[in-house]
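S.K.: here are the coordinates; sequence isn't available:
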């Protein structure tokens, strides 16, 4: 019998460490695994049991709290068995069935700290196969697969590899971009935490094709666990002879080191990342020369995203053709890209987590069939794709297929795969403001349009959500957005206006509501709302009165209370403290 | 009780690392790693510490400050005993992180980036903790607290404060 506990960052945050401790204290040996992607069910405990004939059966327990852990232990000890109610619901098991897991193929299954579990599932077989091929043939296979940059831009991987291969120079660098900065995306973290060897193997295959012998992984500093697991994996790979000199007797030398980032979103841009690796301020520079010609220390360098590298070994242990045909074999037609994409489903979704689906699936299928739809039975309004660089896809375009071109047509981008779902209670103007606030803070300041333009746009948006918007603001916003797009050097500035442009495209009426009607349709923006007490529901318990920081609430005990709107600062404390759901959100009256 | 992590002019904590890396840092891009080690050892980067690193690495102090201020990881003031990292990621925002921020900062009487007078808490915003499914989330001393409401957030801080033996009247 084996007990495996999901110990990715989200599992740990949900209390997996404590649960592990309980099993250990009872004398059970436990193993760990990475993120299976069903974050809303963490902590997850799996019990593998083999029967007499050696067949292993797995039982999955979810949302395991202390009590559940005790019940599971009781069932394992053959005592009263009440653990069944913590089992994985069938509905949730179906989520996995709807996916096609390639980059995540081992996440949540193997122990990321054990190389033998990786090799037992076909790990490093792709490397061995590629080492038997000529470098040109390796690139050709990647070309057949159609693999494109999963960091967001969707640039053909083979093309980058080929450019680096054809660059002259002995010293070449293979760099992995794990500076996952998009708020709301965490697939790179999950892959490194759950299956670090797949990234190492992908880098090895790329390095062999390009003739590179130095590898660097640039990991975000906020991901300490990923750094630890990656270092363990590197050590094991060295011991096993997959890294170092004369790898697997092929005469090919390669090693990888890890560099921790220091917190700057712009470092996800490749030239900025290189500047940061060189110990400088992480500011982008003009391309060309492209990193493939002059990159890290002016040497030819290739930079790919974590998910891209993690997909490569699969292509070589299967075939490029099979990767290209995934959509077709899943019954999906019309996709203009190949393979799969990992999405981080978050926001107002019932079943948030990481999912990997064939490219070409529709947005609706991902959100409703796999993500289980919207939380609390609310209406689906829009989904933000690609984080601060992306845009929103409104509910009426939910049948858009997920590939690079189709998404670009809506104004959104594939991006790194963040999918933040929004419901009727989300104010789209506020969402646009939120993203611009982010890009404005993260702008490195090199280009005037990005540095000052985003600031001016943010000021306008703050004005609109604050209740002081003016009629001409929409036009100025559009004008500024296009100028920032055109006047910026790197992807950050060029895409920063996207959230504003897409919300203006699909939700202009919400902007107009704020500006003209002085109203926030979603009842989110503080200056447009007030709190009211429903006299019928109020029991006069006085809790809200006690909690109100501005003493705006009055009323006798056991009598319905009232809120004086003029004193209310819309802090929501009364609504949170009310046990009878008597506090309602209303529209604040504006004197024009 | 006023207690802050005071930093004397003793640089011995960073010395072993500098002994190995100081000379090559300038030409091999090792500055960020040195600053990270220094912050790990001392909690923050004081002017004296950065000047000392400048001396040892032959990198100009202005450049060191330039690099350090570019990255959000580096702190230039002492950090409180408990570091609160409030997630401001998209998922947390959509699920009400601004209300959590209001609750936390009004409870502690400090805004983002500040430390309470008693040196107990420092409040920092972070772009994303990557625990989006538990949003809204805050992390205190490395432990994540998820599915917060203003009420639970205040309660968590209250528990920590009480355990420090300092109950506010």
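M.R.: Nice, thanks for sending it over. Note that the structure is predicted; figures quoted are calculated from it, not measured.

S.K.: quick one: the helices in chain B?
M.R.: For chain B, the helices defined by DSSP state H occupy B:15-28, B:31-42, B:47-57, B:61-70, B:90-94, B:97-108, B:150-163.

S.K.: Would the first one count as contacting chain A?
M.R.: Yes - part of helix B:15-28 sits near chain A under the criterion Cβ under 8 Å from any Cβ of the partner chain, namely B:25, B:28. Just so you know, the C-beta spots here come from the backbone N, C-alpha and C atoms, and that holds for glycine as well.

S.K.: which helices and strands does that helix pack with?
M.R.: Helix B:15-28 makes packing contacts with helix B:31-42, helix B:47-57 when contacts are defined by 3 or more Cβ pairs under 8 Å, 6 or more residues apart in numbering or on different chains; DSSP states H and E.

S.K.: same check, this time on the last one
M.R.: Contacting helix B:150-163 under the criterion 3+ Cβ pairs under 8 Å, 6+ apart are the following elements: helix A:573-577, helix B:97-108, strand B:138-140, strand B:143-145.

S.K.: tell me the angle of the longest one relative to helix B:150-163?
M.R.: Helix B:97-108 runs at 30 degrees relative to helix B:150-163, counting by axes from the mean of the first three to the mean of the last three Cα atoms, to 10 degrees.

S.K.: list the buried ones in helix B:97-108?
M.R.: B:97, B:98, B:99, B:100, B:101, B:102, B:103, B:104, B:105, B:107, B:108 (16 or more other Cβ atoms under 10 Å in any protein chain shown).

S.K.: If you count contacts, what does it end up packed against?
M.R.: On a contact count with 3+ Cβ pairs under 8 Å, 6+ apart, helix B:97-108 meets strand B:82-87, strand B:121-126, helix B:150-163.

S.K.: Could you figure out how far that helix is turned away from strand B:82-87?
M.R.: Helix B:97-108 runs at 160 degrees relative to strand B:82-87, counting by the same axes, to 10 degrees.

S.K.: Which residues does helix B:97-108 contact?
M.R.: When contacts are defined by Cβ atoms under 8 Å, 6 or more residues apart in numbering or on different chains, helix B:97-108 is touched by residues A:549, A:571-573, B:84, B:86-89, B:92, B:111-112, B:116, B:121, B:123, B:125, B:135-136, B:138, B:148-151, B:153-154, B:157-158.

S.K.: run the last query once more with 6 Å
M.R.: Contact with helix B:97-108 is made by A:572, B:86, B:88, B:111, B:116, B:121, B:136, B:148, B:150, B:153, B:154, B:157, as judged by Cβ atoms under 6 Å, 6 or more residues apart in numbering or on different chains.

S.K.: Looking at those, which is nearest residue A:312?
M.R.: residue B:88 (33.8 Å; Cβ to Cβ).

S.K.: Enumerate the residues of chain A near chain B.
M.R.: Those residues of chain A that sit near chain B, judged by Cβ under 6 Å from any Cβ of the partner chain, are A:9-10, A:13, A:39-40, A:183-184, A:186, A:189, A:221, A:262-264, A:278-279, A:281, A:346-347, A:352-353, A:420, A:426, A:434, A:572, A:576.

S.K.: who's in contact with the spatially most distant residue from the centre of chain B?
M.R.: Of all residues in chain B, residue B:27 has its C-alpha farthest from the mean position, at 28.7 Å, by Cα atoms, centre = their mean. If you count contacts by Cβ under 6 Å, 6+ apart, residue B:27 has none.

S.K.: downstream neighbour of the longest strand along chain A in the secondary structure list?
M.R.: Among the segments of chain A that qualify as a strand by DSSP state E, the longest is strand A:340-347. Proceeding N to C from strand A:340-347, the next assigned helix or strand is strand A:353-358, under DSSP states H and E.

S.K.: can I get the helices of chain B in CSV with mean pLDDT?
M.R.: Converted to CSV, the helices of chain B look like this (pLDDT from 0 to 100):
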stretch, mean pLDDT
helix B:15-28, 91
helix B:31-42, 94
helix B:47-57, 95
helix B:61-70, 96
helix B:90-94, 85
helix B:97-108, 91
helix B:150-163, 91
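
S.K.: and the nearest residue in space to residue A:391 that is not next to it in sequence, what pLDDT?
M.R.: Leaving out its chain neighbours, the residue that sits closest to residue A:391 by Cβ to Cβ, 6 or more residues apart in numbering or on different chains is residue A:502, at 3.1 Å. Looking at residue A:502, its pLDDT is 97.

S.K.: just residue A:537 next, same as before
M.R.: 94.

S.K.: what do you get for residue B:6?
M.R.: What the model reports as pLDDT for residue B:6 is 43.

S.K.: Over to the one 4 residues further on?
M.R.: Per-residue confidence at residue B:10 stands at 83 (pLDDT).

S.K.: returning to what we had before: figure out how far the longest strand of chain A is from the centre of its chain.
M.R.: 6 Å (Cα atoms, centre = their mean, to the nearest Å).

S.K.: what do you get for stretch A:476-488?
M.R.: Centre-to-centre, stretch A:476-488 and its host chain are 27 Å apart (Cα atoms, centre = their mean).

S.K.: Up against chain A, what does chain B have?
M.R.: With Cβ under 6 Å from any Cβ as the criterion, chain B meets chain A at residues B:29-32, B:66-67, B:70-73, B:89-91, B:93-94, B:99, B:127-128, B:130-134, B:144, B:149-151.
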